[in-house]
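Trainee: return atomic coordinates for the entry below.
(one chain, ligands or ions: 2)
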Amino acid sequence: MVVLGIESTAHTASVGIVADDARVVSLASAMYRPERGGIHPREAANHHVEVLPELVRKALEDGGVRPSEVEAVAFAQGPGLGPCLRAGATVARMLSMAWRRPLVPVNHCVAHVEIARVLSGLDDPILLYASGGNTQVIAYARGRYRVLGETLDVGIGNFLDKLWIELGGKFPGGPALEKEALAGGELQPLPYSVHGMDVAFSGMLTAALALHRKGVPRQDLAYSVEVTAYAMLTEITERALAHLRGHGVVLGGGVACNERLRAMVRAMVEGRGGTMFAPPRSLCVDNGAMIAWTGHLAYDAGVTTSIAGSAVEPRQRTDLVATPWRRSTGAAPASLLEPTPAPAG
Ligand code: ATP
Ligand code: FE2
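Mentor: Ligands and ions are numbered 1, 2, ... in the order given. Okay, the predicted model is just below:
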């Protein structure tokens, strides 16, 4: 039996089918790309409404799966953009009714952790979640996934996209800046904005644009922005690892496709004797397979929802979502709340 999962929190509409052993049977995705500027929620939702029926058909066909073989229908309930979430939830409700299969709500951020967790084989990793709209360090502690640190302003991907568009490029900016940065080598001073476990990017955007106006070459700007911003992310991830006395770090989100970020986090984690794992790109970015897999875990642990109770939650908080499947998988790591033993003497 398999679970079908629907993702539609932001730019990407995606349908994944995943088997009991976490094998991705099929994955069909389509991304809304705005003509200019950032995402327009209603336009993105219209895109998702148009493509989702075809994506469902394609996922079933590619996987050779009949509707009768689908055990449950999972969907991303939040967090995300309301109109986009509603598009995916509506399709999920219809499939659940038509196929008479249970409907399973999934938290998008928890899904990024769970797909990376199962692929990595790490029992209790810390997630660095770096995407367009989200920049968070997430770990499991005392019965819930907790956001230990996050951006205080924009998501890192949105920051990279905005910068690239201001430099005359087109969305998405992250991959374009990555190529550009390979040709750069002159490190420019930029604001390094870490506040405890949190980070901020808007000051770096202003400073980078000022350097651009002064004539600093685009490659050097791209290189400096990557090095500075990814060092900030590496620092807060390292602090989480140290506090939790953890051993593993996994990556998620579109920015986690970036080779420099992967290399920097890997060097930090391995330097501490730990293990770093980054899923393949198709499972780093928003995708239906992570929703299907987390739906699997949730359904096996008894989580389902009625149609009436399946309203989307654009601001759903990661630490308010119950994760009963984790109870059986060993003790939580040394909790943040447990006092560190005092040094002897
Ligand atoms: P979320 O709802 O999780 O915030 P999203 O709509 O931002 O999702 P993702 O697919 O997770 O979607 O991430 C897209 C972001 O990833 C874009 O901002 C894009 O510029 C960035 N990105 C993609 N590839 C790279 C890369 N190689 N280097 C840096 N950034 C990248
Ligand atoms: Fe995401």
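Trainee: so where's the stretch 201-345 of the chain shaky on pLDDT?
Mentor: 328-345 (pLDDT under 70).
Trainee: give me the residue from it nearest ligand 1.
Mentor: Relative to ligand 1, the nearest point of the stretch 201-345 of the chain is G254 (2.0 Å; CB to the nearest ligand atom). Bear in mind the C-beta positions are built from the backbone N, C-alpha and C, glycine included.
Trainee: contacts only, for that residue.
Mentor: G254 makes contact with A130, S131, G132, G157, P172, G174, C284, V285, D286 under the criterion CB atoms under 8 Å, 6 or more residues apart in numbering.
Trainee: and if we set it to 6 Å?
Mentor: Neighbour list for G254: S131, G157, V285 [criterion: CB atoms under 6 Å, 6 or more residues apart in numbering].
Trainee: go ahead and confirm V104 touches A301.
Mentor: No - using CB atoms under 6 Å, V104 is not in contact with A301, being 10.1 Å away.
Trainee: of these two, who's got more company?
Mentor: V104 (29 against 14; other CB atoms under 10 Å).
Trainee: where does L261 land in three-state SS?
Mentor: helix (DSSP: H, G, I helix; E, B strand; the rest coil).
Trainee: tell me the contacts of it?
Mentor: Neighbouring residues of L261 by CB under 6 Å, 6+ apart: Y230.
Trainee: and for L122?
Mentor: L122 neighbours (CB under 6 Å, 6+ apart): G248.
Trainee: if you set the cut-off to 8 Å instead, what comes out?
Mentor: By CB under 8 Å, 6+ apart, the contact list for L122 reads H247, G248, V250, T275, F277.
Trainee: one more: T90?
Mentor: Neighbouring residues of T90 by CB under 8 Å, 6+ apart: V49.
Trainee: cool, and the one 10 residues further on?
Mentor: Contact criterion CB under 8 Å, 6+ apart gives no residues in contact with R100.
Trainee: renumber starting at 31 from here on
Mentor: Sure, I'll start numbering at 31, so the last one becomes R130.
Trainee: got phi/psi on the residue lying closest to R345 once chain neighbours are set aside?
Mentor: The shortest distance from R345 to any non-neighbouring residue, by CB to CB, 6 or more residues apart in numbering, is to P109 (5.6 Å). Per-residue torsions, P109: phi -80, psi 160 (degrees, to the nearest 10).
Trainee: measure how buried A308 is and give me the count.
Mentor: Neighbours of A308 (other CB under 10 Å): 23.
Trainee: OK, contacts around the closest residue to E289 other than its chain neighbours?
Mentor: If the residues on either side of it in the chain are set aside, E289 comes closest to E208, at 7.0 Å by CB to CB, 6+ apart. When the contact criterion is CB under 8 Å, 6+ apart, the partners of E208 are A252, E256, N288, E289, R290.
Trainee: and the third one, what does it touch?
Mentor: What that stands for is N288. G204, E208, E256, Y260.
Trainee: between the residues you listed, which is nearest P83?
Mentor: Among the contacts of N288, G204 lies closest to P83 (CB to CB), at 29.6 Å.
Trainee: can you classify that closest one by secondary structure?
Mentor: helix.
Trainee: and it, how many neighbours does it have?
Mentor: 24.
Trainee: so it sits against G187, correct?
Mentor: Yes - G204 is within contact range of G187, at 5.6 Å (criterion: CB atoms under 8 Å).
Trainee: common neighbours of the two, please.
Mentor: Shared contacts of G204 and G187, counting by CB under 8 Å, 6+ apart, come down to G284, V285.
Trainee: helices of the stretch 131-280 of the chain, start to end?
Mentor: Taking DSSP state H, counting those that start in this stretch as the criterion, the stretch 131-280 of the chain contains helices spanning 138-150, 186-196, 203-212, 232-243, 248-274.
Trainee: what's the closest of the ones you listed to ligand 2?
Mentor: Among these, the nearest to ligand 2 by CB to the ion is helix 138-150 (5.6 Å).
Trainee: does ligand 1 have contacts with that closest one?
Mentor: No - applying CB under 6 Å from any ligand atom, one finds helix 138-150 separated from ligand 1 by no less than 6.6 Å.
Trainee: off-centre distance for that helix?
Mentor: Per CA atoms, centre = their mean, to the nearest Å, the displacement of helix 138-150 from the mean C-alpha position of its chain is 9 Å.
Trainee: state the mean pLDDT of that helix.
Mentor: Mean per-residue pLDDT for helix 138-150: 97.
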